[in-house]
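Peer 1: Sequence and predicted structure below; questions after.
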Amino acid sequence: MPDFNLSGHVALVTGSSRGLGKAMARALAEAGARVALNYANDQATAERTLHELSSEGHRCALFHADVTDEAAVARMVSDIAEHLGPVDILVPNATCSQPQRRLEDYDWEFFATMLDFFVKSPFLLARACLPHMKQQRWGRIINICSEVFARGTPNFTAYVAAKGGQHGFSRSLASELAPFGITVNTISPGWIPVERHAHDPQAAKDAYLATIPMQRWGVPEDLAGAVVYLGSDAASFVTGQDLVINGGITIG
């Protein structure tokens with residue numbers, strides 16, 4: 001039988017106080033991992049999430065860090081090792097605002113923000129966690145990407161370009177780390193409405209929903225099984241792959 005038990009492992013999910021990150025953190029904890037929750041801004045929400053998961057019997061701890069800052073990432077990974085143990089399941093999930101604009105309405109500063117979150121941050125996190133993963137010759141890196149790269153979504157060039165970089169980074173790193181027993185994969189969700197989408201235009205939501213072959217919205221819990229699978233020994237021979245979770249929009 002496939003082994004989905006994550007007992008003995010330590011998972012870090014960045015941006016995990018709410019939304020997709022919270023659902024994935026809960027799933028990893030339910031599978032037995034000790035889970036490091038991360039937040040950058042909303043301490044109250046992060047503390048509620050920690051209390052919620054802890055009250056369910058999961059071993060979790062909360063760590064504040066800007067995951068685009070090199071020193072902050074190094075400090076957080078060290079603190080996690082001290083409180084929970086060294087990270088060997090890494091899920092870079094933290095995100096930022098993603099407005100859709102015409103190319104002429106972007107500036108390079110905004111483009112750079114996208115790259116910071118979706119290329120620089122995964123790089124910093126992976127680099128900080130790799131010494132332990134290489135030493136034990138076991139590790140899982142699961143980058144949370146997006147369907148937008150495959151779809152080439154218009155008026156979204158900054159986000160799509162950064163996600164393209166994240167996909168490329170993940171594929172190259174998978175080849176580099178395979179000899180060490182470390183897998184690197186990506187999960188690419190479609191538009192799954194969470195708290196930050198509360199004020200998105202209803203017309204846009206209706207139009208997107210109409211394109212989903214499964215005829216329903218995705219929910220954060222739809223990522224739960226995927227992240228546990230890719231983080232487990234059941235996926236020990238799976239690396240450099242992208243698991244798309246969008247109800248079939250990108251079939252073919």
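Peer 2: Happy to help now that I have it.
Peer 1: What are the buried residues along the longest helix anywhere in the chain?
Peer 2: For the chain, the helix that runs over the most residues, judged by DSSP state H, is helix 157-177. By neighbour count on 16 or more other C-beta atoms under 10 Å, the buried set for helix 157-177 is 157-167, 169-171, 173-174, 177. For glycine as for every other residue, the C-beta is placed from the backbone atoms N, C-alpha and C.
Peer 1: do the same with stretch 128-136
Peer 2: So for stretch 128-136, counting by 16+ other C-beta under 10 Å, buried means 128-130, 132-133.
Peer 1: Alpha carbons only: can I get that stretch in PDB?
Peer 2: Backbone C-alpha positions of stretch 128-136 (Å, rounded to 0.1, in the frame of the first residue of the first chain) are rendered in PDB as follows:
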ATOM      1  CA  ALA A 128      18.100  27.400   3.300                       C
ATOM      2  CA  CYS A 129      16.400  24.000   3.600                       C
ATOM      3  CA  LEU A 130      18.700  21.900   1.300                       C
ATOM      4  CA  PRO A 131      21.600  21.200   3.700                       C
ATOM      5  CA  HIS A 132      19.500  19.000   5.900                       C
ATOM      6  CA  MET A 133      17.600  17.400   3.000                       C
ATOM      7  CA  LYS A 134      20.900  16.500   1.300                       C
ATOM      8  CA  GLN A 135      22.400  15.200   4.600                       C
ATOM      9  CA  GLN A 136      19.500  12.800   5.100                       C
END
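Peer 1: Can you list the neighbours in contact with that stretch?
Peer 2: With contacts defined as C-beta atoms under 8 Å, 6 or more residues apart in numbering, stretch 128-136 is touched by 12, 73-74, 77, 81, 86-88, 90, 139, 141, 177, 180, 182.
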